[in-house]
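Enquirer: Provide a 3D model corresponding to the input given below.
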Amino acid sequence: MLDGVTPDMPAFAEEIFGPVAVITTFHDDDEAVRLANGTPYGLVAGVHSGSPALAQAIGDRLRAGMIHINDQTVNDETPAPFGGLGDSGGSSRFGALTNLDEFTVWQWVTVRDTQSHPTF
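Expert: Residues are numbered from 1 along each chain as shown. From the prediction side, this is the model:
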């Protein structure tokens, strides 16, 4: 965990792919949005609040490909679109239902409790 990180520090401005939590304080919602949108990256954002409606309103202002309200930012499901904005990727070009076909080999299996007798 890195506490007291400011926008002029590399840990604030660069994507860190690892178990690192960067903590930057802010005074109000507008400053929080400015800080969150103040980098060229926009893969994922999380907003935690006692008011889901307020968190959603803040999330609507964030420039990120994925927004998680009162949840972790590492959620991923095959049918969900995955991707970021800005330098974090080209929108949500990954994921979605086409991945089910891309990463699946279909096979039909039938099971009976007893053997069938062919009728030909």
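Enquirer: Quick check: the gap between Ala36 and Asp30.
Expert: 11 Å (Cβ to Cβ, to the nearest Å). The way it works is simple: take the backbone N, C-alpha and C, and place the C-beta from them, glycine included.
Enquirer: Please read the previous query as pertaining to Ala57.
Expert: For Ala57, the distance to Asp30 (Cβ to Cβ) stands at 12 Å.
Enquirer: ok, now Ala21?
Expert: 23 Å.
Enquirer: Strands along this structure, start to end?
Expert: 41-42, 44-47, 66-69, 81-82, 85-86, 94-95 (DSSP state E).
Enquirer: Ala13 touches Thr6, doesn't it?
Expert: No. Taking contacts as Cβ atoms under 8 Å, Ala13 lies outside contact range of Thr6: 9.9 Å.
Enquirer: More neighbours: which of the two?
Expert: Under the criterion of other Cβ atoms under 10 Å, the comparison of Ala13 against Thr6 puts Ala13 first, with 14 against 11.
Enquirer: dump the residue contacts of the more buried one.
Expert: 7, 39 (Cβ atoms under 8 Å, 6 or more residues apart in numbering).
Enquirer: my read: Arg63 touches Leu43, true?
Expert: No. Counting by Cβ under 8 Å, Arg63 does not reach Leu43; the two are 10.5 Å apart.
Enquirer: related to what we said a few turns ago, in terms of neighbours, single out the busier of Ala36 and Asp30.
Expert: A side-by-side neighbour count of Ala36 and Asp30, using other Cβ under 10 Å, places Ala36 first with 20 against 11.
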